[in-house]
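Colleague: any chance you can model this:
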Amino acid sequence: MKRLLKSSIWTVIIGWLIAACNENTVYHTYQPIPTDGWEKSDTLFFNIPLNDSLIPLNLTAEIRNESKYAYRNLYLAISHNLEDSTNWKTDTLLFVLADKEGKWYGTGWGSLFQSALPIGKTTTKHPGNYTLKVSHCMNDEHLKGVNAVGIKIEK
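Modeller: Numbering: from 1, shown residues only. You can find the predicted model right below:
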């Protein structure tokens with residue numbers, strides 16, 4: 001358990017440093033999922049401060065999963081108010097994490113894999129604090145094998 005926590009902390013730090021080196025990255029962070037699983041009712045909230053407006057932004061969702069994840073796919077519901085802080089836009093994303101034979105896509109080492117999927121493009125009308133919400137749309141009430149969910153926003 002401590003080893004996994006140390007590994008996760010280092011992975012987050014390295015990811016943050018890489019993101020910090022890219023001047024086009026406006027926001028990039030991960031939220032860990034509890035080791036005992038992701039409840040269907042648990043929504044992840046990403047609070048996003050944006051200082052610029054009227055700049056096209058590319059949104060990307062990122063998943064870190066273990067090889068013990070039971071499915072090939074992962075459905076996510078993503079809602080955000082980036083275009084206008086008072087209006088919410090919601091999309092359902094389908095992450096294809098493995099092929100039919102069970103070979104994992106994405107990058108990874110050992111039993112941990114990372115995948116990314118574009119959410120889309122948007123433009124904020126005003127600088128401010130925005131929110132992006134993520135929940136899983138799988139049939140399982142208690143989803144195991146997902147370690148973290150990330151959001152990346154680039155100019």
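
Colleague: any idea how far W104 is from T25?
Modeller: The gap separating W104 from T25 is 25 Å, by CB to CB, to the nearest Å. C-beta coordinates here come from the backbone N, C-alpha and C atoms, glycine included.

Colleague: the more surrounded of those two?
Modeller: More crowded of W104 and T25, by other CB atoms under 10 Å: W104, with 19 against 14.

Colleague: my guess is that one contacts V96. True?
Modeller: No - applying CB atoms under 8 Å as the test, W104 and V96 come out as separate, 10.5 Å apart.

Colleague: show me whatever sits in contact with both of the two.
Modeller: The contact sets of W104 and V96 do not overlap (CB atoms under 8 Å, 6 or more residues apart in numbering).

Colleague: next SSE downstream of the helix or strand bottoming out on mean pLDDT in the chain?
Modeller: Among the helices and strands of the chain, helix 2-21 carries the lowest confidence by mean pLDDT, DSSP states H and E, at a mean of 54. Downstream of helix 2-21, the first helix or strand assigned by DSSP states H and E is strand 25-32.

Colleague: helices or strands up against that following strand?
Modeller: Packing contacts for strand 25-32, counted by 3 or more CB pairs under 8 Å, 6 or more residues apart in numbering; DSSP states H and E, involve helix 2-21, strand 44-50, strand 56-66, strand 146-154.

Colleague: which parts of it are buried?
Modeller: Residues of strand 25-32 classed as buried: 26-30 (neighbour count, 16 or more other CB atoms under 10 Å).

Colleague: ditto for stretch 102-122
Modeller: 104, 106, 112-115, 117, 119, 122.

Colleague: now the helix or strand hosting Q114 against strand 146-154, angle please.
Modeller: Per DSSP H and E: Q114 is located in strand 112-123. Interaxial angle, strand 112-123 versus strand 146-154 (axes from the mean of the first three to the mean of the last three CA atoms, to 10 degrees): 30 degrees.

Colleague: if anything else comes up later, I'll come back, but that's it for now.
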